[in-house]
Structure formats: structure tokens, C-alpha cells
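**Q** Kindly generate the corresponding structure for this input.
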Amino acid sequence: QVHFEASGGGLVQPGGSLRLSCAASAYASIGWFRQAPGKGHTGVSCISSGDAMIYYADSVKGRSTISRDFTDNLTYLQLNDLRPDDTAVYYCAPATVFGSQYCEPSDASAGWGQGTQVTVSS
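**A** This is a model prediction of the structure:
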């Protein structure tokens, strides 16, 4: 089982920005998922191996960018214009990407690595 560590979260005011980092192979298919209080995990953004496919959830489309740093083997999620309903614990994990329509964790039974808390509040 492969678990990745997410970092970069914090407390930010509405309209602010954060860049989340995932220490994972920059060549793998990676997904960002989040779990809001009292809810299950949902896909936020995923990028396939070779960057051929990228998925954004409708809730973050136009406000987020997924990218990689091949030198440092990091995958990033830039979140802009943050809203209170973006408040969640964000996780990164190996993902299966179905074009731009959907993505899911590659191994649903693997559990989750260390997430990073994003809190959007004034």
C-alpha cells in the first residue's frame, strides 16, 4: 500500500489562495481528494501519468490548477478564490483518471495517508 503525505494547508480568508504539495512520484497518476466535516472523500483534481488526462471537480474548476515538479518529485494543487465550503482535509493518493470526467483512488482499500487541513473562514 502506497500512502503519500500532503502538506501546505492552513487557515485562509475567503478569496485567498493556498498551494498544497504532495510528496509522491511526479511520474505517477496522482489525485487530490478531500473530506469535509461529516462527509466522505471526494475527488478534487487528478492528473494521469504523462499528464495526458486532467480532472477537476466542478466545485473547483476554474479556481484550481494541478501541476508537477519533476525535479523534486512533487505534485501540487493550487487553490484560488477559496470559499468556506472548500474547508476540508485534503489528501493525495495514487489515482485512476477517467479523462476529464472522473477520477478515483487507485486502491480504495489502501486507506489514506497524512492529509492537510484547509480551513476557509473570516
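**Q** on contacts alone, who are the packing partners of the strand ranked longest in the chain?
**A** Secondary structure of the chain per DSSP state E: the longest strand is strand 88-98. Counting contacts by 3 or more C-beta pairs under 8 Å, 6 or more residues apart in numbering; DSSP states H and E, strand 88-98 is packed against strand 5-7, strand 18-23, strand 30-35, strand 41-47, strand 54-56, strand 74-79, strand 102-105, strand 116-120. Using the backbone N, CA and C atoms, a C-beta is placed for each residue, glycine as well.
**Q** Flag the shaky bits of this protein, pLDDT-wise.
**A** 1, 26 (pLDDT under 70).
**Q** Next, Asp51: phi, psi?
**A** Dihedral angles of Asp51 (phi, psi; degrees, to the nearest 10) stand at phi 60, psi 20.
**Q** so it sits right up against Arg68, yeah?
**A** Yes - at 7.3 Å, Asp51 and Arg68 qualify as touching, with contact defined as C-beta atoms under 8 Å.
**Q** So if I had to pick from those two, which one is more boxed in?
**A** More crowded of Asp51 and Arg68, by other C-beta atoms under 10 Å: Arg68, with 19 against 13.
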